[in-house]
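Engineer: Got a predicted structure here, sequence first:
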Amino acid sequence: MGRMGLMDKAKELADAALVKAGEVSERAAELSGTAREKAPGYLDRAADLAVKAADATAGGLDRATGGRFHDKLEGATARVGETLDRPRAAQQPTTVDAEPEPEPPGPTPSGVAGQAGEPITPAATNPEATDPDGPKRAP
C-alpha cells in the first residue's frame, strides 16, 4: 500500500507542476508579446544614436587629422548608416497591408537520428546505451 501512496503523491505533484507550468507559460507569452511590440522602437532609437555617434566620431577625426582622411571617413560613415538602415528596411512591410513573409525553415542537419527517415537507435536517445550497428565514423 505504501507503493500506491507514493504513486498517488507523484501524480499529485506532477499535476501541480503542470498547472504551475501553464501559468508560467501564459505569463511568458504575455511578456514575449510586449517585447515584440517594443523591440522595433528600441532598435530604431539605438540605430539613430549609433549613426549620430559615427558622425560625431568622424567629425572629430576629420578635425584632428586636418581633413587628410575626409573622403575615407565620409565613406565609412555612409556605410555605417547603410548597415544600420538595412535591417530596419527589411523588417518593414512595403505596403501598409502587407505582412512580412516568414523565413523558410533552415536545412535539417544530416546524420541526426530521426531526421529524414533515419532510424532512432538507443544510442541516439541514451548516450550510455550501445548502438546495435556499432559506432559510426564521420566521413
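Structural biologist: Structure received.

Engineer: Give me the longest helix you can find in the protein.
Structural biologist: Longest helix in the chain, counting residues (DSSP state H): helix 2-64.

Engineer: buried ones in the helix or strand just after it?
Structural biologist: Using DSSP states H and E, the helix or strand that follows helix 2-64 towards the C-terminus is helix 70-91. Using 16 or more other C-beta atoms under 10 Å as the test for burial, helix 70-91 gives 73, 77, 80, 84. In short, each C-beta sits where N, CA and C put it, glycine included.

Engineer: just the angle between helix 70-91 and helix 2-64, please?
Structural biologist: 150 degrees (axes from the mean of the first three to the mean of the last three C-alpha atoms, to 10 degrees).

Engineer: And helix 70-91, what does it pack against?
Structural biologist: helix 2-64 (3 or more C-beta pairs under 8 Å, 6 or more residues apart in numbering; DSSP states H and E).

Engineer: average pLDDT across the helix it packs on?
Structural biologist: Mean pLDDT, computed over helix 2-64, is 90.

Engineer: re the thing from before, got JSON lines for the buried residues of helix 70-91, with distance to E23 too?
Structural biologist: As requested, those are exported to JSON lines (distance: C-beta to C-beta, whole Å):
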{"residue": "L73", "distance to E23": "55"}
{"residue": "T77", "distance to E23": "50"}
{"residue": "V80", "distance to E23": "45"}
{"residue": "L84", "distance to E23": "40"}
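
Engineer: got a markdown table for these, with pLDDT too?
Structural biologist: Listed next are those as a markdown table, based on pLDDT from 0 to 100:
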| residue | pLDDT |
| --- | --- |
| L73 | 92 |
| T77 | 91 |
| V80 | 89 |
| L84 | 83 |
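
Engineer: List just the nearest of these to L6.
Structural biologist: L84 (59.8 Å; C-beta to C-beta).

Engineer: thinking again about what came up before, the buried residues of helix 70-91: which two are farthest apart?
Structural biologist: By the measure C-beta to C-beta, L73 and L84 form the most distant pair in the buried residues of helix 70-91, at 16.6 Å.

Engineer: rewinding a little: from the buried residues of helix 70-91, which is closest to D15?
Structural biologist: L84 (50.2 Å).
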